[in-house]
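Asks: Need coordinates for the following:
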Amino acid sequence: MRRSEVNEIMARADTFIRSHGYILPPFAYWTPAEMQARRGDIGGIVEGRLGWDITDYGKGHFAQTGLFLFTVRNGRPADLAAGRGMLYAEKIMISRVEQLSPLHRHVIKAEDIINRGGGRLTIKLFASAADGSIDREARVSVPCDGVMRSFGPGDVLALMPGESVTLMPGVWHAFWAEKSEVLIGEVSTVNDDLTDNIFAEPLDRFSTITEDCEPDHLLVSDYPAWLG
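Replies: Purely as a prediction, here's the structure:
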C-alpha cells in the first residue's frame, strides 16, 4: 500500500467513526514526531500495539480485500497467562461494502463482534476440525446477544446495527459489509495480531508500505522502525 493511500484511509475513517458518535482517543491524532518526543511516556501504547492498523492482507487491493482497525485498549499476554489483570482488548473497525476480511480463526482470542452502525455485517462461519483445519461438515453454534444460534458449514450470519456475535477460539470466520459500510466494535480477550491469526490461505496480516509521502500518523506496524 502507498503511504498516501494509508493517510487518505485514516482521514476517511475518522470522519466515518465520528459520524456514529464514537471518538478516538487523543493519541490517535499525534504526529510521528510527537510520538517520538513522548517515547518515554507511551510504553503502554507501543507495547500494547494500540493505534491505527490498516491492512490489505498483502493482496494489493484494499477495496476488495482489506480492513481498517484501531486498537483502543489491550491487555498483556502475561496477565492472560496468569489469569488476572487486564485480560481484555477493544478495537473499532470499518468494513467497506463487499470488502472481504478473509477466512481466519484465533487460537487464544475470544471476541464479540458488534455492528455499531451502518449497513449489514455478513459473517461466514465454519467450525474447526480436531486439528484446527476447517470442518466443512460440522455445524457451528455461536451466541448472538446471548441467544445461541446454529449454522451449517459456510452459512452466513447477518448482523444489523446493534446486533453482535461472540466467536470463541477456533471458530473460522470471514466478514464483509453489505448495502453500506459498517462500523464494527470488537471486545475481546487480550489481542495478539502477531501470532494469533490463522488464515485459511497464506496471507500477510500487515501490509508493506511504499513511502510516497510522509505519514500523518503511525500505523502499529510502523512502531518498531519509528519508535524502537
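Asks: got the contact list for Trp226?
Replies: 32, 35-36, 218 (Cβ atoms under 8 Å, 6 or more residues apart in numbering). All C-beta atoms are positioned from the backbone trio N, CA, C, and that covers glycine.
Asks: any chance of these in CSV, with pLDDT too?
Replies: Output for the contacts of Trp226, formatted as CSV (pLDDT from 0 to 100):
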residue, pLDDT
Pro32, 98
Met35, 98
Gln36, 98
Leu218, 98
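Asks: for the residues you listed, which one is nearest Val187?
Replies: Nearest to Val187 among the contacts of Trp226 is Leu218, at 24.3 Å by Cβ to Cβ.
Asks: so what's the closest one up against?
Replies: Going by Cβ under 8 Å, 6+ apart, Leu218 touches 32, 35, 51-52, 226-227.
Asks: Next, work out how far apart it and Arg139 are.
Replies: 43 Å (Cβ to Cβ, to the nearest Å).
Asks: Confidence-wise, which helix or strand of this structure is lowest on average?
Replies: helix 77-82 (a mean of 93; mean pLDDT, DSSP states H and E).
Asks: Going through the contacts of Leu218, which ones are buried?
Replies: Buried members of these, counted by 16 or more other Cβ atoms under 10 Å: 35, 51-52, 227.
Asks: And for Pro25, the neighbour number?
Replies: By other Cβ atoms under 10 Å, the residues close to Pro25 number 12.
Asks: Now do the same for it: its pLDDT.
Replies: Note on Pro25: pLDDT of 98.
Asks: Need phi/psi at it.
Replies: phi -70, psi 160 (degrees, to the nearest 10).
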